[in-house]
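Colleague: Predicted structure and sequence below. I'll ask about it afterward.
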Amino acid sequence: MYVLFVLPAALLLFFLYLLPLARILMISATDGQGFVANYGAVLTSAPIHRMVWTTVEICAITTLATLLISYLIAYVLVQVSERTRMWMMLCILVPLWVSVLVRAFAWIAVLNNSGPVNGLLQWTGLTDEPVQLVRNQFGVMLGMVHYMLPFGILPLYAAMKGIDPKLISAARALGARPFTAFRRVFLPLSLPGLYSAFVIVFIFSLGFYVTPAILGGGRIVMIAEYIALLISQGYDWGIAAALATMLLSVVLAVVFIAGRFADWDSVLGGSRR
Amino acid sequence: MTSIIQDSLAIVAEKVRTGQMSRRRFMQVLAALGAAGALPNWCEANAQTKEIIFSMWGGDAEEVYRKAWGAPYEEKAGVAIQFDGSGPTRGKIRAMVESKNVTWDVCDSGLGTQSSLGPEGLLEPIDYTIVDKNKIVPGLAYQWGATGYIYSSVLTWDSKAFGGEEPKTWVDFWDVKRFPGKRVVWKYMVGVLEAALIADGVEPSKVYPIDMDRALNKIKELKEHLVLWDNGASSQQVFRDGEVTMGQIWHTRSTMLADESQGRFKYTFNQGIVQPGVWVVPKGNPAGKAVFEFLASMQEPEKQLILLKELSQGPANPETAKLAPELASKNPGSPENLAIQVFQNEEWYAKNHQEAEKRFLDVVSS
């Protein structure tokens, strides 16, 4: 009976998602010189290695920065009054509705060499020359962290909200200093939330496309954009599909390994308690 | 990848929006861009043809284009002209033809597409019994592509940036001491390798065949100073925003920059890289031969003249320029301008385009 309710969604997923995905696998194994050549090219090509390395580097730094900032904001969120929290939530959520394209161009407008930030820096005498803040790796990471913050804050907030504040009080009553109470009680309890935030943020970052293309000034090429170029410019579909397949494998691996420690229940709105 | 036609449409749409061009004039430009003119014998000759699918690059223009031109034509000839603005990239044309599911009749593209897809059997040869070779500048009637217009990637600069000094050549473009600031070049390489070789001392007339290693090494020198543009509007915007002081951009955008800034932004055709805007027909296109009648109508000088006047696009038909000799200085295809530029070499691009594009991207992004 319940199968009937799930059926439409399952069919939709099968035909519109799994089937095309299977085709990608097919292409990666059959197009061009075949399986060995395609995957071999991905594994041995120096340009692809450079792009993969750029991607990993940017994703690692972006994820780290996002989690750090998210943790602080989420921590504040659980401490403040209901009213303040509402305003903070609003500020966190509203950017989610602003297109990623608009945000990228907004960063360019604010941070370019003749923009207001550089104007301020020069006016205050902190620098003589304009500082290059966008159209480079820094700009890409800034744009990505900005985009990813809500995705880091929300799972962390959900996890922290579930931590009983009495536990901290108990730790304090037993003589722990505030920092010790945080480190030995609060932090371990918030770890599942941190893991879920990590999985979401890291995987999202791996697939970034628009932000690096614009804020990187065209010179920061990450995997997603490289795959798109290989396909649309018609160079090598086999290699593009192989690269896409490997990216997908990495994503699945991250989901399975890091996801085991994550607290999906609270992230998805359910609760074990 | 974007294209010069898409960009031209964006330019006219912008002019209408800002009141620099009347709606009526706009229709004429659209008609000329798409070679819209009524062809009395066209519908007789192709009684079965119900529609022609015109693949272009979308944007704001697509909607207007459909309304302004598709609908009236449908009424007149009984043949609908449908627009697909999703952009005929090389990859998409290949996918269509290889899966034998071709929906496009004519694609707006460049020499690279003609030269790389044609020999692979993915394009229909142009029927030059219908399309008139004599209405195309000699040498630009390619086997798989008819040239409809000419454009050039030219040296463009901000005259306020260098205290009165003016860059004139690609050697100057590479000289970051005399001419400080960022430079913008096209993400898809065409024109940049040529400029690099000239900057490295190669005679403009001896650029082809391109020594790729030499060109890429020269580009490495300038890499830290480069920003890449990927569509015409963005190439113009980086100048307006003061992000760059120099660039190699399409001359259609350079003329706009010069006009809107009252001469602050300047450009020169000297050592520009001239390229043909080429119309190609995917193999097995649904309308069949009928599409060539459509291409033929694009060759009328009166229509091409509108393009030259409004967009400075160089007409492919040599007769066009005679109608307006006063515009010669803005026309990349005029004899005096052609003499100081480099013409994109078909043979070299046929063999090396994709490889060069990939290697260029690797060099600038590493």
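Modeller: Structure received. Numbering: from 1, shown residues only, chains lettered A, B, ... in the order given.
Colleague: Would you enumerate the residues in contact with the single nearest residue of chain B relative to chain A?
Modeller: Closest residue of chain B to chain A, C-beta to the nearest C-beta: residue B:228 (2.7 Å). C-betas here are computed from N, CA, C, even on glycine. Counting by C-beta atoms under 8 Å, 6 or more residues apart in numbering or on different chains, residue B:228 touches A:217-219, B:184-187, B:364.
Colleague: Look up how far residue B:238 lies from it.
Modeller: From residue B:228 across to residue B:238, the span is 10 Å (C-beta to C-beta, to the nearest Å).
Colleague: same deal with residue A:17?
Modeller: 38 Å.
Colleague: more crowded one of those two?
Modeller: residue B:238 (22 against 10; other C-beta atoms under 10 Å in any protein chain shown).
Colleague: hang on, residue B:274 is in a strand, isn't it?
Modeller: Yes - per DSSP: H, G, I helix; E, B strand; the rest coil, residue B:274 lies within a strand segment.
Colleague: Could you tell me which residues make contact with it?
Modeller: B:150-152, B:314, B:332-333, B:338, B:341-344.
Colleague: Adjacent strands (with direction) for whatever helix or strand the residue of chain B closest to chain A lives in?
Modeller: Using DSSP states H and E, residue B:228 falls within strand B:226-229. Next to strand B:226-229 in the sheet, as set by DSSP bridges, lie strand B:183-186 (parallel).
Colleague: hey, C-alpha coordinates of the partner strand in PDB?
Modeller: Taking C-alpha atoms only, strand B:183-186 is exported to PDB below (Å, rounded to 0.1, in the frame of the first residue of the first chain):
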ATOM      1  CA  ARG B 183      44.500  43.300 -19.000                       C
ATOM      2  CA  VAL B 184      41.400  41.400 -20.100                       C
ATOM      3  CA  VAL B 185      41.500  38.800 -22.900                       C
ATOM      4  CA  TRP B 186      39.000  36.200 -24.100                       C
END
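Colleague: Please list the outside residues in contact with that strand.
Modeller: So strand B:183-186 is in contact with B:153, B:173, B:191-192, B:195, B:222, B:225-230, B:235, B:238-239, B:243-249, going by C-beta under 8 Å, 6+ apart.
Colleague: Quick check: mean pLDDT of that strand?
Modeller: What strand B:183-186 shows for mean pLDDT is 95.
Colleague: continuing past that strand, what's the next helix or strand?
Modeller: Assigned by DSSP H and E, the successor of strand B:183-186 is helix B:192-199.
Colleague: so how far is that next one off the chain centroid?
Modeller: Distance of helix B:192-199 from its chain centroid, counting by C-alpha atoms, centre = their mean, to the nearest Å, is 19 Å.
Colleague: which residues sit against it?
Modeller: B:153, B:155, B:169-171, B:173-174, B:185-186, B:204, B:207, B:210-212, B:214-216, B:218-219, B:222, B:248, B:271, B:273, B:342, B:344, B:356, B:360.
Colleague: picking up where we left off before, tell me the bridge partners for the residue of chain B closest to chain A.
Modeller: Note on residue B:228: beta-bridge partners by DSSP bridges are residue B:185.
Colleague: okay, it: pLDDT?
Modeller: Per the predicted model, pLDDT is 93 at residue B:228.
Colleague: Same check on the one 3 residues further on?
Modeller: Confidence at residue B:231, expressed as pLDDT, is 80.
Colleague: In the stretch 101-250 of chain A, what residue comes closest to chain B?
Modeller: For the stretch 101-250 of chain A, the residue closest to chain B is residue A:218, as judged by C-beta to the nearest C-beta, at 2.7 Å.
Colleague: Would you agree that residue falls within a strand?
Modeller: No - read with three-state DSSP, residue A:218 is coil and lies in no strand.
Colleague: quick one: it and residue B:364, what's the gap?
Modeller: Distance from residue A:218 to residue B:364, counting by C-beta to C-beta: 7 Å.
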